[in-house]
Structure formats: structure tokens, C-alpha cells
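Trainee: Show me how the following folds:
(2 chains)
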Amino acid sequence: MPVVTEKANLNTKTANLNQKAKENKKVVYHTKDLNLWYGEGHALKNINLAINENEVTAIIGPSGCGKSTYIKTLNRMVELVPSVKISGEILYRERNILDKSFKVEDLRTSVGMVFQKPNPFPKSIYENVAYGPKIHGIRDKKILDEIVEKSLRGAAIWDEVKDRLNQNAYGLSGGQQQRLCIARCLAIEPDVILMDEPTSALDPISTLKVEELVQELKEEFSIIIVTHNMQQAARISDKTAFFLNGEVIEFAETDKIFSTPSDKRTEDYITGRFG
Amino acid sequence: MAVRERFEYDLQELQKKLIEIGNFAVEALHRSVEALETQNIELALEIIDDDNQADILYEEINDLAILLIAKQQPVAIDLRRIIVAIKIATDIERIADFGVNIAKSTIRIGSEPLIKPIEHIKEMYEISTEMLRLSLEAFTEEDIAKAKKVADMDDQVDDLYGETIKELLQINLQKPEYLPQITQLSFVCRYLERAADHVTNISEHIFYLVKGRQYDLNN
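Mentor: Modelled structure (predicted):
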């Protein structure tokens, strides 16, 4: 191997500072030796991931790799599937959510979820957003109005719907419905937002709007997003985890994954050689 | 199952065009040194005329690279393959231009007998073109050991350049009436020395292609 010198990084100082800032970030989710079976099928194998707060973490991988299963373990939605068996730990803010003592209701108020297909309630735009806070006992109309406006603004849809808050949410376009679902998620002031392919049913412009929104939301929330769209993962995430056959093959800074991945399988996947 | 067949095919096309422009540059240097040695003005004029072929290839490489980026959204090594192809093509196009420069010097010297045999110049040409040939191999094989070997050969060209310039300056002291020819021969030496430097750049591009980081091979 020839001996050569790598060019000095002029931005070393900045890079170090960034690194330091990142190191100081708190871990919001820590999965340790997580295994999951659907009956006999071993869907997740020894998953060890530490997910930072106020970052966007993308989960990528081919169909059936376990990425959706993984994200659904984080709010324990996966338990709705019969015959599921789980071992290991999922620490959310250092508490194991798989402990019997952990109330799933508490988890769901801290962890919101946005799904692949927009799923607004068959109610008015206003009621869709006010629904969560009302369940949590907020009755004051003035407070509810404030929450609705703040959430709709947060989801970058306020200007488009402010004059028709009482109209049915089904009248909105797909992209608007998805941002309404994000607003509904924001209304309960979550800590983490899980997104399971949130733009796969949207047109390109709506997709870009949601992507912009994700970038803004990470200032306040921690976001974990499953996506089939690798360019989307590259555009919006800070870290990327590549799943394959239920295993995490590589988890690193998104810049690294999409420029010089360490594992040949990651490279083959992101360059479209398989999957 | 082969995925992205079209993309693979286009990447290979890009590589082929790069080899083509590389071979063109090797040939341009070969013909230009031959024209100088035999003082063949006709051939020198032909070389100048033919250079637009390199320009056309250079444009084709750039167009194909831009289209591949726009339409295929390559990442990681695929993206580097395309970026590096653009960079290498730029270096090679410049090397082909040196062939034109040497041809122009040949025309300026005209039929005035050469003050000395051009052995050193030929040697510089031989090493530079060998470097270019090897660098094209290193590129297609993505072989950094070979790329490093090519970069190391640059020292030989630099040494020959230093010696030849010194010799030409001495001749100038003895035969000042030959100053115009001595100037042109010095230019030719400089063109060949620069050509070897551009090949060293190509070696650095190959390192970037394979390793994903910038390396300095000039030390």
C-alpha cells in the first residue's frame, strides 16, 4: 500500500466543534439487543441503536428488512400484531418501555406518529387538531384555538386552511391532509415524532413541503423516519440506519452513509445495485 | 439480477469516452514530438487542426456526466466515478492542448536546423505518455497502487526538465543568435513537464475515486 498524505482538512476546527456539539446531544431512544419474532419469523435481530434528540434519524432498507417493524416497536404499536414476541430493551429517556410498569398511554402522549397514508378523522380541520388536547382534558375554547393555530402553523399549513377551519378535512388534498396529520401530532406536544414513509402517497411538491417541514420540526422534536426514498433520507436526515434482513448493517452520519459507506452491502443498496 | 442496467451501460460509455480522449492525447503528444524531431511543418499543422476532436470528446464527456447526475441521482462511489471522469477529462484535454503548443513551437522554429538532438525532450515525452497510459489503466482498474506509481514517475520528468533547461541556457551563452529556437525548445520542455503534472492530478483523482478523500501526491 503506497504511503501518501491526506490533504489537511481546512475545516478541522469547525468539524471538531460540530462533532463536540453532536456528542453533547442527549440520547432519546436507546435500543439494546432488541429481538422481535412474528411467530417463528425472526424479524429484528440484536438491534442496538442510540438515537439522538433534535435530530432526524432515517431508517432505510429494502422491503421486509424490518424497518417498519422497528419504528413500530418504539411506540409499542407492534404489540397490536398477534403472536409478536420481543426481547431486549428499548430505553426511552432512559426508561425501558417494554417494562410492564410502563404505561403505553404515557408513551403515546410523548411519541406521535405519522403514517404512510394520511388518515385524518372524518371531522372538521379544527376538530382534527383539537381532538388530542380535548382527550387530555383541555376544554377552554381560547386555549384550544391557540393550540390549533400553533399546531397548524407548525405543520406549515395554517395559511392554506385558516379561512376554512370548520370544513371537513377530507376536502383537503393528499399533501394537505398529511400536513394536517402532522399538525394533529404536534397538538399533543410530543417529544418524538415517528414517521412511517410519510410522503410515499404524496406528489413531488407536497413531498418537498413535508421534507422542509421535517427540517424545521427537528429544532423542537426528535424525528425518526422510515423511508423507501433514499434521496429523501439523504436530503433530510442527520443520521441513517441501513437495515437488511432484520439487522442493522450500518448506522452513521448521513453524509458518511451516502458518500463513503463502510459496508459493501450499504454501498450496493444506496447505489441501487440491489433492493 | 442486474439492477440499473442502463446506468451501468452509461457509466461504461463515459469510461470509454475517457479512454478515447486519453488515447487521443497520447497520440497528439507522439505526433507533436515527431513533427518537432523531423521538423515536419505539415504534420504540425495537422495536429493543430485535429485538436477539435479532443474538444468534442471533452464536451461529450461533460454532457454525459451532467445527464447521468441529473437523471440517475448517483451517490457514493457512483457519484465519484462521474465527478472524477469530469476532472480527468479536464486534465487530459489540457494535455492534448500541449500537443498543439508543441506543434506551434515546431512551426515557429521552422526549417532552421536544430541546435542539438532532442534526446531529453523525447525521453520526457516517453515518460509522460507512459504515465498517461498507466493512469488510464489505473482509472479503469480503480487501482491506487498503480496510480501512486504513476505519480512517482513525475520526479523523473522534473529532473529531465531541470537538466534540459540548464543545458539550453548554456547553449544560449555560446550561441546567442539561436535565442528564438532555444526559447521554443524551452517551451516544449515546459509543456511536457506540465503534461506530467496533469497526469499526477489524474492519479490524485483516482485516489479520491477509490478512497473518497483528497490526497496530495505531489510531495
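
Trainee: What helix or strand is A:Leu139 located in?
Mentor: Residue A:139: Arg, not Leu. Under DSSP states H and E, no helix or strand contains A:Arg139.

Trainee: what number of residues lie near the nearest residue in space to A:Glu55 that is not next to it in sequence?
Mentor: Leaving aside its chain neighbours, A:Glu55 sits nearest to A:Asp238 (4.2 Å; criterion: Cβ to Cβ, 6 or more residues apart in numbering or on different chains). Quick note: C-beta positions are derived from backbone N, CA and C, even for glycine. Around A:Asp238 sit 17 other residues, with neighbours defined as other Cβ atoms under 10 Å in any protein chain shown.

Trainee: A:Gln215 touches A:Ile236, doesn't it?
Mentor: Yes: checked against Cβ atoms under 8 Å, the pair A:Gln215 and A:Ile236 is within contact range at 6.0 Å.

Trainee: Look at the two and report which has more neighbours.
Mentor: A direct count of neighbours by other Cβ under 10 Å for A:Gln215 and A:Ile236 places A:Ile236 higher, at 21 against 13.

Trainee: Tell me the spacing between that one and chain B.
Mentor: Distance of A:Ile236 to chain B, given as Cβ to the nearest Cβ, to the nearest Å: 15 Å.

Trainee: got the contact list for the residue nearest in space to the middle of chain A?
Mentor: Geometric centre of chain A, nearest residue: A:Ile224, 2.2 Å, by Cα atoms, centre = their mean. With contact set as Cβ atoms under 8 Å, 6 or more residues apart in numbering or on different chains, A:Ile224 has these partners: A:29, A:51, A:56-57, A:59, A:71, A:74, A:192-195.

Trainee: Backbone dihedrals for the residue nearest to A:Glu55, please?
Mentor: With angles defined as degrees, to the nearest 10, A:Asp238 sits at phi -90, psi -40.

Trainee: So for the residue nearest to the centre of chain A, what pLDDT did the model give?
Mentor: A:Ile224 carries a pLDDT score of 98 in this model.

Trainee: So it lies in a strand, does it not?
Mentor: Yes: counting by DSSP: H, G, I helix; E, B strand; the rest coil, A:Ile224 is found in a strand.

Trainee: and it, bridged to which residues?
Mentor: Beta-bridge pairing of A:Ile224 under DSSP bridges involves A:Thr57, A:Leu194.

Trainee: how many neighbours does whichever residue of the stretch 51-200 of chain A sits closest to chain B have?
Mentor: Closest contact between the stretch 51-200 of chain A and chain B, by Cβ to the nearest Cβ, is at A:Pro62 (11.2 Å). Number of residues near A:Pro62 (other Cβ under 10 Å) recorded here: 14.

Trainee: would you say it is within a helix?
Mentor: No: assigned with three-state DSSP, A:Pro62 falls outside any helix and is coil.

Trainee: re the thing from before, okay, and the common contacts of A:Gln215 and A:Ile236?
Mentor: Contacts common to A:Gln215 and A:Ile236, judged by Cβ under 8 Å, 6+ apart, are A:Val56.

Trainee: now A:Thr271: how far from chain B?
Mentor: 5 Å.

Trainee: ok, for that residue, nearest residue in space, not its chain neighbours?
Mentor: Leaving aside its sequence neighbours, A:Thr271 sits nearest to B:Asp78 (Cβ to Cβ, 6+ apart; 4.8 Å).

Trainee: Next one, pLDDT for the one you found please.
Mentor: pLDDT at B:Asp78 comes out at 95.

Trainee: which ones are touching it?
Mentor: B:Asp78 neighbours (Cβ under 8 Å, 6+ apart): A:271, B:7, B:11, B:72.

Trainee: Reformat these into CSV and put pLDDT next to each item.
Mentor: As requested, these are exported to CSV (pLDDT from 0 to 100):
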residue, pLDDT
A:Thr271, 92
B:Phe7, 91
B:Leu11, 94
B:Gln72, 89
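
Trainee: By neighbours, which of the residues you listed wins?
Mentor: Busiest of the contacts of B:Asp78 [other Cβ under 10 Å] is A:Thr271, holding 22 neighbours.

Trainee: which SSE is the residue nearest the centre of chain B in?
Mentor: For chain B, B:Ile95 is the residue whose C-alpha lies nearest the centre (Cα atoms, centre = their mean; 3.3 Å). Per DSSP H and E: B:Ile95 is located in helix B:76-109.

Trainee: for that helix, the distance to its chain's centre please.
Mentor: Taking the mean C-alpha point of helix B:76-109 and that of its whole chain, the gap between them comes to 5 Å (Cα atoms, centre = their mean, to the nearest Å).

Trainee: Chain B contacts on the stretch 101-250 of chain A?
Mentor: Contact residues, the stretch 101-250 of chain A versus chain B (Cβ under 8 Å from any Cβ of the partner chain): A:230-231, A:234.

Trainee: Sticking with A:Thr31, tell me its helix or strand.
Mentor: Assigned by DSSP H and E, A:Thr31 falls within strand A:27-38.

Trainee: tell me the pLDDT at B:Lys71?
Mentor: Listed pLDDT for B:Lys71 reads 89.

Trainee: Now it: which helix or strand?
Mentor: helix B:52-72.

Trainee: Mind listing what's buried along that helix?
Mentor: By neighbour count on 16 or more other Cβ atoms under 10 Å in any protein chain shown, the buried set for helix B:52-72 is B:54, B:57-58, B:60-61, B:64-65, B:68, B:72.

Trainee: and which of those is nearest chain A?
Mentor: B:Gln72 (8.3 Å).

Trainee: which secondary structure element contains the nearest residue to the closest one once chain neighbours are set aside?
Mentor: Nearest residue to B:Gln72, sequence neighbours excluded (Cβ to Cβ, 6+ apart): B:Phe7, at 5.0 Å. Element membership of B:Phe7, judged by DSSP H and E, is helix B:5-38.

Trainee: got it, and A:Ala50?
Mentor: strand A:41-52.

Trainee: Check B:Tyr208 too.
Mentor: helix B:179-211.

Trainee: so B:Val75 makes contact with A:Arg273?
Mentor: No: here B:Val75 does not reach A:Arg273: they are 11.5 Å apart, not a contact under Cβ under 8 Å.

Trainee: So those two - more neighbours on which side?
Mentor: B:Val75 (19 against 16).

Trainee: That one and A:Thr207, how far apart?
Mentor: Distance, B:Val75 to A:Thr207, by Cβ to Cβ, to the nearest Å: 19 Å.

Trainee: residues touching A:Asp191, list them.
Mentor: The contact partners of A:Asp191, taken as Cβ under 8 Å, 6+ apart, are A:28, A:53, A:93, A:110-111, A:221-222.

Trainee: Kindly report the residues of chain B close to chain A.
Mentor: B:1, B:3-4, B:7, B:73-79, B:144-145, B:148-149, B:207, B:211-217, B:219.

Trainee: And these, which of them are buried?
Mentor: B:4, B:7, B:74-79, B:144, B:148-149, B:207, B:215, B:217.

Trainee: which of those lies closest to chain A?
Mentor: Nearest to chain A, judged by Cβ to the nearest Cβ, of these is B:Lys148 at 3.5 Å.

Trainee: helices or strands up against the helix or strand hosting that closest one?
Mentor: For B:Lys148, the host element (DSSP H and E) is helix B:144-174. Contact here means 3 or more Cβ pairs under 8 Å, 6 or more residues apart in numbering or on different chains; DSSP states H and E; on that basis helix B:144-174 packs against helix B:119-141, helix B:179-211.
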